[in-house]
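Peer 1: Sequence unavailable; structure follows:
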């Protein structure tokens with residue numbers, strides 16, 4: 001069973017709304033995110049920003065571990081768990097990626113990728129306010145990742161989000177924007193149609209993640225052969 005055919009393609013029935021949403025996001029980026037990021041880069045030198053990005057990535061390890069298991073990848077799950085233990089201890093809470101320095105490199109998994117591995121198609125392409133590009137499948141996956149994240153419940157869950165929870169979310173947004181800002185600006189500078197270029201880049205990136213960097217579905221685990229097709 002293939003993961004979802006060619007997932008570099010997704011229907012875009014909401015293109016006019018998506019394009020309008022992208023313009024809103026670009027305006028928010030110009031007024032809020034870029035100035036905040038400029039201050040962030042001014043205050044914190046690159047090594048400090050790298051450490052903060054490492055710590056945030058380390059905090060995502062439980063989600064990655066669960067999805068490794070769901071995708072039938074016990075070896076990758078073991079590496080994720082080992083990375084988390086090493087970086088949370090020797091790596092000072094993940095600020096230092098000691099695991100990668102010793103050959104245990106990070107990979108990213110989420111429930112959207114898991115659904116893709118299980119054979120769920122992308123569904124419509126969407127551009128959400130503030131959150132940016134996604135698909136229906138990945139949007140559902142993101143929601144599942146949130147409610148299965150131990151930190152979400154530690155920070156108060158659905159009914160009682162704490163100050164710490166809002167601070168974590170804000171920090172995640174700042175770190176995420178800082179990590180992708182240069183590539184996003186380069187894509188915007190070199191694109192005739194930024195909307196189409198961003199859609200293509202997003203879908204190709206997600207295909208690579210679903211296939212774990214492989215070129216086709218042959219590299220996916222045998223667990224796929226035992227799962228019923230999901231349309």
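Peer 2: That came through fine. A quick note: this is a predicted structure, and the numbers were derived from the prediction, not measured.
Peer 1: hang on, isn't residue 136 packed against residue 128?
Peer 2: No. Applying Cβ atoms under 8 Å, one finds residue 136 not in contact with residue 128, separated by 11.1 Å. (Glycine included, C-beta is placed from N, CA and C.)
Peer 1: So for these two, which residue has more residues nearby?
Peer 2: Taking residue 136 and residue 128 together and counting by other Cβ atoms under 10 Å, residue 136 has the greater number of neighbours (17 against 13).
Peer 1: Residue 116 versus that one, what's the distance?
Peer 2: 12 Å (Cβ to Cβ, to the nearest Å).
Peer 1: Between those two, which contacts overlap?
Peer 2: residue 122 (Cβ atoms under 8 Å, 6 or more residues apart in numbering).
Peer 1: Just give the number of residues close to residue 171.
Peer 2: For residue 171, using other Cβ under 10 Å, the count is 14.
Peer 1: Please apply the same query to residue 183.
Peer 2: 10.
Peer 1: what's the helix or strand for it?
Peer 2: helix 163-190 (DSSP states H and E).
Peer 1: who does that helix touch, helix- and strand-wise?
Peer 2: Counting contacts by 3 or more Cβ pairs under 8 Å, 6 or more residues apart in numbering; DSSP states H and E, helix 163-190 packs against helix 34-43, helix 46-59, helix 150-154, helix 194-210.
Peer 1: how far out from the middle of the chain is the first one?
Peer 2: Here helix 34-43 is found 22 Å from its chain centre; the criterion is Cα atoms, centre = their mean, to the nearest Å.
Peer 1: The shortest one too?
Peer 2: Helix 150-154 has its average C-alpha position 18 Å from the chain's average C-alpha position, going by Cα atoms, centre = their mean.
Peer 1: next one: the second one
Peer 2: Its chain's C-alpha centre and that of helix 46-59 lie 15 Å apart, by Cα atoms, centre = their mean.
Peer 1: quick one: it to helix 34-43, angle?
Peer 2: Per axes from the mean of the first three to the mean of the last three Cα atoms, to 10 degrees, the angle that helix 46-59 makes with helix 34-43 is 110 degrees.
Peer 1: Return the list of helices and strands in contact with helix 46-59.
Peer 2: helix 74-89, helix 163-190.
Peer 1: and if you look at the longest one?
Peer 2: Contacts of helix 194-210 with other secondary structure elements, assessed using 3+ Cβ pairs under 8 Å, 6+ apart, are made with helix 15-28, helix 111-118, strand 132-135, helix 163-190.
Peer 1: Kindly report the same for the third one.
Peer 2: With contacts defined as 3+ Cβ pairs under 8 Å, 6+ apart, the secondary structure elements packing on helix 150-154 are helix 163-190.
Peer 1: Report the buried residues of the helix it packs on.
Peer 2: 165, 168, 174-175, 177-178, 181, 184 (16 or more other Cβ atoms under 10 Å).
Peer 1: Please apply the same query to stretch 95-104.
Peer 2: Within stretch 95-104, the residues scored as buried using 16+ other Cβ under 10 Å are 95-99, 104.
Peer 1: before we move on, what about stretch 120-133?
Peer 2: 120-127, 132-133.
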